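Chemist: compute the structure for the input listed below.
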Amino acid sequence: MHPLRLFVVANHVEGLDKGLYEIDPLDLSVKPLMSSDLRVALRKASIGDPQWVTDAACIIAFCADMVSPSQAFADQKPYGLRGPRYVYLEAGAAAQNLQLQAVSEELGSVWVGGFDDEATAEILGLQAPVTPIILMCVGHAASEG
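Modeler: Take a look at the predicted model:
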């Protein structure tokens, strides 16, 4: 089923120009979608105006098709609600793996789960039924003064 879709908002990423990229789920290739810097818009769509969104070297947007899993597990009680649960579990595991990789690369990361779903989907150019789940800001940690 593979409901997850990953997008990269690149700012300071070696080998990538600033912009939005999609990660192909089959071969993990990176496909450019637009050259706009979306960090300010994503920060405005986030709850609490988190500065780390605009400071990030990149943002990985974990998005998912929420309809297919709901349909695939519709016969599971209660009311097929296991489908979305499985999506959230998969997204969390993928995000944790990305954080572990960031640590091994001596990078910092922070999750953003509080954002306006519709505004974030519009910023990323998502088409229904794909919706944003997690924004992961990645970069070098700020120097401690």
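Chemist: average pLDDT across the helix or strand hosting Glu90?
Modeler: Assigning secondary structure by DSSP states H and E places Glu90 in helix 82-104. Average pLDDT, helix 82-104: 90.
Chemist: and whatever helix or strand Ile59 lives in, what other elements does it pack with?
Modeler: Element membership for Ile59 (DSSP H and E) is strand 58-65. The contact analysis (3 or more CB pairs under 8 Å, 6 or more residues apart in numbering; DSSP states H and E) places strand 58-65 against strand 4-10, helix 82-104, helix 117-124, strand 130-139. For glycine as for every other residue, the C-beta is placed from the backbone atoms N, C-alpha and C.
Chemist: and the gap between the residue nearest the centre of the chain and Leu81?
Modeler: Nearest residue to the geometric centre of the chain (CA atoms, centre = their mean): Ala61, 1.5 Å. As judged by CB to CB, to the nearest Å, Ala61 and Leu81 stand 24 Å apart.
Chemist: ok, now Ala56?
Modeler: Counting by CB to CB, the separation of Ala56 from Leu81 is 33 Å.
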